[in-house]
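Chemist: Sequence and predicted structure are below.
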Amino acid sequence: MPVERWSTAQVTAVAPDAGSLKGARGVGVASKWQATGLLDDVLWGLCEGSGKNPYQVCVDLSGPAYKCSCPSRKFPCKHALGLLLMWAEDAAPGPAAETPAFVAEWRASRAARAVATARKASGPVDPEGARKRARQREERVAAGMAELTRWLEDQMQQGLAGAEHAGRAPFETMAARLVDAQAPGAASAVRRLGDVVGIGPQWADRLLGGLAMVRLLAAGHERVDTLPPAVAATVRARIGFPVATEDVLATAPVSDHWQVLGQTDSDDGTIITRRTWLHGVDSGRFALHLSFAAPGQTLAADLVPGTSFDADLCFYPGAAPLRALVKDRRSAPRPMSEPGGATTVRGALHGWAAVLAAEPWRFDAPALLADVTPGSDGFLTDADGDALPLAAGHREPWWLLAAAGGAPATVSAEWTPAGLRPLAAWVQGRFVPAAPPVPDGGARHSPELPPGLLAAALVGTSRRPFTATSVDVGDHGIGLGPGCSLLEAAATALVYRRAGTTPSTSHPPVEPAPAETGPPVPSAAGARLLRLLSDGGAPGGAQQAQELLAQWLVAAATHGGHVPPEALPALLDAGRRNSVVRPTIGRVAGERGRWLADLRPEWRWLRDEAPGAAVADDPAIWETGTGGERLAHLTRLRGTDPAAGLALLRGTWRGETPEDRARFVAALCAGLSLADDEFLEAALDDRRKEVREAALELLRRLPGANLGKRMATRALAAVTLERRALGRDRVAVTPPAELTDELRRDGVAAQPARGNGVRAWLLEEVVAGTPLATWTTAFGRGPSAVVDLARGNDWEAALLHGWAKAAITQADSDWASALVRNDSRESAAGLREAVRWDLHLLLPPADLARIAADFLRREDHLAHRLLAVHPGAWPDELAVAVIETIAHRARTDRHSWQLAELCRAAATAMPPAYATHVAQLTTRLDQDSADPSRIRPVADLARTLTFRHEMLMEFQ
């Protein structure tokens, strides 16, 4: 039977960490592999390594299991993951004609180990010694549990009020004694209670409940010999008696088609635990598979959430058997479009009650809920209107809202007394893992125990003896046996209350999202976006990932379409942190994105960027819409009928808020003409500084504006041309004497730049506000010749900076080129650095590229700054110069950080087509035995260029 090909999501799920997955994408290209093949269910390959011999890679797809000859201690390593990625993407071949010997050897060794394991399960070598050790442990545990019972009685006699003053020390001492008594499970329960004492609201209620459950465990141990075998096994497991793996595998297996519902990882500092929940299609049973790893080690990744497989499972003994081992896997994992066996909220609570009745110490149980929808108040509501609360950290399920858009979905979760902890969801055949919990404060803990019990426990039974014969829980009374202790009564009340949980009502789900009006982006491009938004999903560091995300968004906006809904929460957060990418996010977020933005205040910025075409075209929106919707409407109207847009703004100008006035003035840049001059002139007298600055910005860019005429009159009065013989003309300068109210109104700032005198600053500001055409017309010269006239003048610096700022404001590339050429000469008046670099942004890309390439070849330290300000993709001349410089530095530079800095600059600006050239350079450096610290940044550059090339091709 042919092996079913894995999906990319399955490969991603088995990665031990983000770093391994990132490395896998670097080696998961055909050029890195000398040979690949498929032998039955074993995928193999020969991957190029750092030495002469290739790495030998094997993956048993039925396990899955992994082997690689590389020195990595991670399983699977990046080479095994890279091979799986190629196979998943149909880039690795199928069955090969000739299989290397190492593949057959590995298969044989795995079969031999399986036989040895079966023999080991036959029983202990020394049964009598094993029975003696077991008897000795029973005696130690019995002594420890008896001491625990006495300690618990002491706590009740003294009262919990005294425990607040004593703190966690008594609990640590008792836990240590239980560890000595070989009862680690009971010791952990006691130690956890030490973290409750005096901490948070209702701590006494939580502490009494925990002590009651520990007392119930001790009482179970006292009668363990008379309990039913299943209950006795549960008590022993809770105390800490181990159950050998071979004993579990020797029990009757449950054969079924098992669905992997989800998994969670936890780290307590000493061990990492992975909890994976399974559900059998035919048996209807839930199963919990646990795997463990020491810190720094990788966890088993053979159970992939969102898949299903045929297998035999063996369950650990217990009254409510949930934990299980996979004994025999009969099929490879395959994607699961929708899990079977989902139930209603009431059905899930019935299952919870049954689990709790059998195992009262259990704090969680699995749930598979059908057709549930989140509400705005932290509840999941099913089709019958029954609802369950979400646990703290999950109360705002943006991942589910984004994926389902308010439509019903199948959700797997863990139900606890604190609420639901979601694991995953299935939306229209798509598997969507739950987002990790985030601190949200959560709901305040409500008391679970009757007030009378809690009052008696706080005071202590030595002061208030406990003699109750019944206890009230909700609307019901529970009869207590004669001589029932306070802790026994508390345990009874707590279990009764938890098992009797009923669904909530009156928690309406959110209104569903509107349907998308356009197509989605290509599926491959959407998958890459999800990688970009995940930790370690893109090459390079966080800053490079942000730049790659910005490039992806530009490509997506150009192509058209909306992003995958699962990406929206992270994408909207990215826009919240970085306003630069907001416009492109607004173009690809779609209707689902705008719907989400309305649900969360932090995302409302999207409405300003993308209010929707239908909204923006509605004339009534100017009276009723939000600020962003009104801005979009004005912008669109100015684009089609500038006069109508200006008239619309005039009609409501006096009633607008200062913030909206500034934004609406800036919107007049669309269709800007002299017809707007009068209105903008009036805006110069606005009380709000932001409004005045927005008007100035437009007036300085508006040819023929009255502001420009006034500034030109002032400038020509201050700067005149003195004609001399032999063409030695020069300028005579008489700067303004003082800052007048008229100058201040026209945008001349009152505070000089550092190092400037007041008159020089006023001259600079007047020249900066003057249309540049004024000088070429008045002096009869081009920009370069006008700039030359200022050389050697006492006011040269003020003139040059004024012209430079005018060129920046008026976006005049001819003046920018003239000023940059003048600044490169030896001159007493150099431009300030900030002004100089803003001028570079105005240069034609080809000119800036030639300057940068020249600086690189001359090893000028300013070359890196020029590369950083170069707009867009580099032309070929610059890319070739950078590759030449990289090759030279990789072989000769003493400072590897300079090479790394250059590679980082090239990673997001060099044309992706040069990926092959850089990869070939990496190979040559490796063959020349160059320093690995110099090969690494070049290899990283090649990976990033390849990533960008693939990213752009996905939109073709």
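Modeler: Everything's here; your move. In this text the structure is predicted, and so the values were computed from the model without any measurement.

Chemist: Now residue 46: phi and psi?
Modeler: Main-chain dihedrals, residue 46, degrees, to the nearest 10: phi -120, psi 110.

Chemist: now it: how far from residue 37?
Modeler: 9 Å (Cβ to Cβ, to the nearest Å). All C-beta spots, glycine's among them, are computed from the backbone N, C-alpha and C.

Chemist: Repeat that for residue 270.
Modeler: Taken as Cβ to Cβ, the span from residue 270 to residue 37 is 42 Å.

Chemist: again with residue 255
Modeler: The value you get for residue 255 to residue 37, if Cβ to Cβ is used, is 32 Å.

Chemist: quick one: which of these two has more around it?
Modeler: Neighbour count, other Cβ atoms under 10 Å: between residue 255 and residue 37, residue 37 has more, with 19 against 16.

Chemist: Can you tell me who that one pairs with across the strands?
Modeler: Per DSSP bridges, the residues bridged to residue 37 are residue 44.

Chemist: lowest-pLDDT helix or strand in the chain?
Modeler: helix 613-616 (a mean of 47; mean pLDDT, DSSP states H and E).

Chemist: That helix: what's the following helix or strand?
Modeler: Sequence order places helix 621-624 as the next helix or strand after helix 613-616, per DSSP states H and E.

Chemist: That next one: how far from the chain's middle?
Modeler: Centre-to-centre, helix 621-624 and its host chain are 36 Å apart (Cα atoms, centre = their mean, to the nearest Å).

Chemist: Now it: average pLDDT?
Modeler: The average pLDDT within helix 621-624 is 84.

Chemist: any residues touching that helix, and which ones?
Modeler: For helix 621-624, contacts defined as Cβ atoms under 8 Å, 6 or more residues apart in numbering pick out 615, 629, 630, 633, 634, 648, 652.

Chemist: Low-confidence regions, the stretch 1-150 of the chain specifically.
Modeler: Applying pLDDT under 70 to the stretch 1-150 of the chain flags residues 1-3, 9, 50-51, 91-97, 117-125.

Chemist: what packs against the top helix by length along the chain?
Modeler: With secondary structure taken from DSSP state H, the chain has its longest helix at helix 127-158. If contacts are counted by 3 or more Cβ pairs under 8 Å, 6 or more residues apart in numbering; DSSP states H and E, helix 127-158 sits against helix 169-180, helix 184-194, helix 203-222, helix 486-499.

Chemist: rerun that using 7 Å as the cut-off
Modeler: helix 169-180, helix 203-222, helix 486-499 (3 or more Cβ pairs under 7 Å, 6 or more residues apart in numbering; DSSP states H and E).

Chemist: ok, residue 732 - contacts?
Modeler: 720, 722 (Cβ atoms under 7 Å, 6 or more residues apart in numbering).

Chemist: beta partners of it?
Modeler: residue 720.

Chemist: Return the distance of it relative to residue 802.
Modeler: 16 Å.

Chemist: Looking at this structure, which strand is longest?
Modeler: Secondary structure assigned by DSSP state E gives strand 254-267 as the longest strand of the chain.

Chemist: And the following helix or strand past that strand, how far out from the chain middle?
Modeler: Note on strand 254-267: by DSSP H and E, the next helix or strand toward the C-terminus is strand 272-280. On the basis of Cα atoms, centre = their mean, strand 272-280 sits 23 Å off its chain's mean C-alpha point.

Chemist: got a list of contacts for stretch 487-497?
Modeler: Contacts for stretch 487-497 (Cβ under 7 Å, 6+ apart): 152, 156, 208-209, 211-213, 215-216, 356, 360, 448-450, 453, 468, 471, 473-474, 478, 480.

Chemist: Among those, name the buried ones.
Modeler: 152, 156, 208-209, 211-213, 215-216, 356, 360, 448-450, 453, 471, 473, 480 (16 or more other Cβ atoms under 10 Å).

Chemist: Do you know the pLDDT at residue 491?
Modeler: Per-residue confidence at residue 491 stands at 92 (pLDDT).

Chemist: now it: how far from residue 208?
Modeler: The value you get for residue 491 to residue 208, if Cβ to Cβ is used, is 10 Å.

Chemist: And for residue 735?
Modeler: Relative to residue 208, residue 735 is positioned 83 Å away (Cβ to Cβ).

Chemist: if we can go back for a sec, quick one: average confidence on the longest strand of the chain?
Modeler: 93.

Chemist: Count the neighbours of the closest residue to residue 453 other than its chain neighbours for me.
Modeler: Excluding the flanking residues, the one nearest residue 453 by Cβ to Cβ, 6 or more residues apart in numbering is residue 490, at 5.3 Å. Neighbours of residue 490 under the rule other Cβ under 10 Å: 29.
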